[in-house]
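*Asks:* Mind folding the following:
(one chain, ligands or ions: 1)
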Amino acid sequence: MSKVLVVYYSQSGQARSIADSIVSPMIEQGVSVDFCRVEMAREYPFPWNRKAFFDVFPETFLQIPQAVRPIDADILNNEYDLIILAYQAWYLSPSLPMTSFLQSDEGRRIVEGRPVVTVSGNRNMWAMAQKKIDTLLIELGAVPVGNIALSDRHCNHISVLTIMDWMMSGVRRHKWGILPLPGVARSEIEQATVFGNIVAEYLACGSYDGMQARIVAQHGAEISALLVSTDRKANRIFRLWANLCVASPRRGFWIKAFEVYLYVAIWLMLPIVSVLYAVTYPLLWCRRKKYKTEVQMNYPSYRQQYKKTLNAESK
Ligand SMILES: Cc1cc2nc3c(=O)[nH]c(=O)nc-3n(C[C@H](O)[C@H](O)[C@H](O)COP(=O)(O)O)c2cc1C
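*Replies:* Numbers count the residues shown, from 1 in each chain. Prediction:
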């Protein structure tokens, strides 16, 4: 019987419910599944208050680990065939609890030498966060074999409004009575069982070659090329802000300045960038399409497998 460990962090329960949906077909097929919640020594508030929400930015972005609570000895001593990491993007990076866990001795022990499927539930900017978590996993000696990333499919500005309302109130509701519900659609979470069936198939044979291509074909890692290019550019600017915040004796001031920058970037700069992007779209269509595919298959192990699948299909 195969054994799977789901390591997750979730404040609202969204990442956990995505993971539940994914593992449910595996459990039905007789796979043994254990769950382990990442617990911080100092938990982050949910609902958030503004100060805490922005204050977590520098350490999250720079992946400066914070103390996590010890993991159950039974889990540490168990031999798992596959690790599923369920997390979320915070500030274009994997959430601080997840990177803190991975950088702890226990985190390393759990993932080292094992295949890992990453699962995330985000607003919509997850691509660079995913790249960072894969880099971290590879550094830790783990083998990232697949990624399922679900996000809010509403337009970018609507999802900014609704997610902020959710994060600050702790309630998943229709903001102003008219905006859509925030987060990943319930129907998509329920349909994530389809990915569980795919992963179960590869788990049973012990090889994950070609799995990511099938996940992508089922829309398991959908991205827009505009969001990825924004994500990449914003990463460069966020790095400057994050370094400034941690290095300065006036941390509070710089965090406040970052908050103002973020509003300007989202509400003023992003609309201009989107228009420019649309205007240049026909000219750069081929390059952007290629780039999009590369991001979905971004990671060394995936890329190899993807090429193999393409080669096999073209024969
Ligand atoms: C501090 C913070 C920063 C966030 N930054 C991003 C982000 O950069 N990109 C994104 O797609 N979602 C972002 N989100 C939304 C989360 O990815 C996630 O959807 C939400 O927190 C719900 O996750 P959970 O309830 O499972 O913890 C952020 C949320 C928080 C709390």
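*Asks:* quick one: contacts of stretch 189-201?
*Replies:* Defining contact as Cβ atoms under 8 Å, 6 or more residues apart in numbering, one finds that stretch 189-201 is touched by 14, 17-18, 21-26, 29, 31, 82, 84, 117, 121, 146, 148, 150, 211, 214-215, 218, 220. Every C-beta, even on glycine, is put in place using the N, C-alpha and C of the backbone.
*Asks:* Could you give me the PyMOL syntax to select whichever of those residues are buried?
*Replies:* In PyMOL, this line selects whichever of the contacts of stretch 189-201 come out buried by 16 or more other Cβ atoms under 10 Å:
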select buried, resi 14+17+18+21+22+23+24+25+26+31+82+84+117+121+146+148+150+211+214+215+220
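*Asks:* Now go through the contacts of stretch 189-201 and say which are in helices.
*Replies:* Judged by DSSP state H, helices contain the following of the contacts of stretch 189-201: Q14, S17, I18, S21, I22, V23, S24, P25, M26, M211, R214, I215.
*Asks:* These: which ones sit near the ligand?
*Replies:* Contacts with the ligand within those, counted by Cβ under 6 Å from any ligand atom: Q14.
*Asks:* Can you give me the neighbour number for L268?
*Replies:* 9 (other Cβ atoms under 10 Å).
*Asks:* Model confidence score at it, please.
*Replies:* Predicted confidence (pLDDT) for L268: 89.
*Asks:* Quick check: it is in a strand.
*Replies:* No. Counting by DSSP: H, G, I helix; E, B strand; the rest coil, L268 is not found in a strand; it is helix.
*Asks:* measure it to the ligand for me?
*Replies:* Noted for L268: a distance of 18 Å to the ligand, by Cβ to the nearest ligand atom, to the nearest Å.
*Asks:* Quickly note the distance from that residue to L161.
*Replies:* The gap separating L268 from L161 is 15 Å, by Cβ to Cβ, to the nearest Å.
*Asks:* May I ask which helix or strand encompasses the closest residue to the ligand within the stretch 151-300 of the chain?
*Replies:* Checking the stretch 151-300 of the chain residue by residue against the ligand with Cβ to the nearest ligand atom singles out M167 as nearest, at 5.0 Å. For M167, the element it lies in under DSSP states H and E is helix 156-169.
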